[in-house]
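I'd like to go over a predicted model; first the sequence, then the structure.
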Amino acid sequence: MAVLSYYQFQFGSLVFGAGTPFVVTDISGLEDLPAIRNQDDIKGYNDGMFTGRDFYGGRSITFTLNVLAGNGNTAQTNFNLFQAALAPQSFGTAALNFLLSPSDTTKTIQARVRGRATIVNPEYTYGLIRTQVTLFCPDPRYYDATSTSAPMAPTAASGRTYNRTYNLVYGGGSQTGTVIVTNLGWATTYPTVTINGPITNPTITSNSTNQFITINTTLAAADSLVIDLNNRLVTLNGSPVRNLMAGNSQWFGCPPGNTAIGLSGTSTTIGVTAATLTYSSAYV
C-alpha cells in the first residue's frame, strides 16, 4: 500500500486524487449510508407492515475525475493508464485505500469496478478528459487500513503443580486465552482467529454476548485452523471444514467499543498451542 497524502486514493497500483494527473472532483457513495436490505412484510388484508430486521446491502462508489497531462505523459496516455488500472474484474475484489482529511487516518474497503463513463469532445483531444468510474463494494463497511493482531495463547489450567517431571502429557481441563477487541469505529467488525494446535474442540467465545463457536476436531501441533467471522468460513490447513462446527455454535461480531474474545479447549500444550486474533475498526 502506498503512503497517501490527503484526498488521495489507491486502487491496485494507481494512486489518484490530489497532486496527481487524475483529479477527483466529486465522490458519491463513499460517505453515504449503503443500501438497506429489510425483512419487513405486508400484513395482508390489514394496514401497515410487520417489521423485520434490517441489514446492510452493498455499497456503490462513483468517482468523477478530470484526467490531465502530467508525470511526463499526455492526458491520453494517463487515461490509458487509468483505464488499465481500473479494468473490470471477473471475480474477487481489490483494496480501495483512501485518506480524506488531516483529521482522518488511511481507510480501506474491498471493491471491484462496475462501470465507467467518459465524455469525448474537443477537450478530450486537447488534454482535458472527463470521466466517471463506479466501484461496487460487497462489504459496505470500510476499515482502518492497519489491522491489529493480538495473541490468544492459552494459560495454564488451575490446579496442583509438582516439582517433578513425568514422561506423560496430561490433557488438562479447559485452557483459556482472552483478548480485548477495541473497535474504534461505529460499525460491527468481524475478526479472524487463527488457531495452531495441539488443541481439542477449540472454542472461541464472545464474553459480551456468550455466543460461541466450537469446532469438533483435534488439532495436532502442525495444524492451523482459521475461523473467519466476516465471511463465515472455517478452514483447516487451507481446506473448508465448516461441517465440523458444533450444532449450537453461533456466529458473532464485535460492536463498537470493547469486546472480550476468549479461546478455550482441551489437550493443549502451554508454550506450543497458540492463537492469533486479527481485526480492524469498522465504519459505515
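That came through fine. Numbering: from 1, shown residues only.

switch to C-alpha atoms for all contacts and neighbour counts from now on
Noted.

for this protein, what are the low-confidence residue spans?
Counting by pLDDT under 70, the chain shows low-confidence ranges at 154-176.

and the biggest helix by length in it, what other elements does it pack with?
In terms of residue count, the longest helix belonging to the chain (DSSP state H) is helix 75-85. The contact analysis (3 or more Cα pairs under 8 Å, 6 or more residues apart in numbering; DSSP states H and E) places helix 75-85 against strand 59-67, strand 129-137.

Render the CA-only coordinates of the first one in CSV, please.
Spelled out, it's strand 59-67. What follows is strand 59-67, C-alpha atoms only, in CSV (Å, rounded to 0.1, in the frame of the first residue of the first chain):
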residue,chain,number,x,y,z
ARG,A,59,-22.1,0.0,-1.5
SER,A,60,-21.5,1.7,-4.8
ILE,A,61,-18.9,4.4,-5.0
THR,A,62,-18.7,6.8,-8.0
PHE,A,63,-15.7,8.9,-8.7
THR,A,64,-15.9,11.9,-11.1
LEU,A,65,-12.4,12.8,-12.4
ASN,A,66,-10.6,15.1,-14.8
VAL,A,67,-7.6,13.3,-16.3
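
And it, what's buried?
Under the neighbour-count criterion of 16 or more other Cα atoms under 10 Å, strand 59-67 has 59-67 buried.

That one: partners in the sheet, and parallel or antiparallel?
strand 22-28 (antiparallel), strand 129-137 (antiparallel) (DSSP bridges).

any chance of those strands in JSON lines, with distance to Q211 and mean neighbour count too?
Shown next, in JSON lines, are these (distance: least, Cα to Cα, whole Å; neighbours: other Cα atoms under 10 Å):
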{"stretch": "strand 22-28", "distance to Q211": "37", "mean neighbour count": "16"}
{"stretch": "strand 129-137", "distance to Q211": "28", "mean neighbour count": "21"}
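
how about those, which one is nearest V179?
In terms of Cα to Cα, the element of the strands paired with strand 59-67 nearest to V179 is strand 129-137, at 29.6 Å.

Might you calculate how far the closest one sits from the centre of the chain?
23 Å (Cα atoms, centre = their mean, to the nearest Å).
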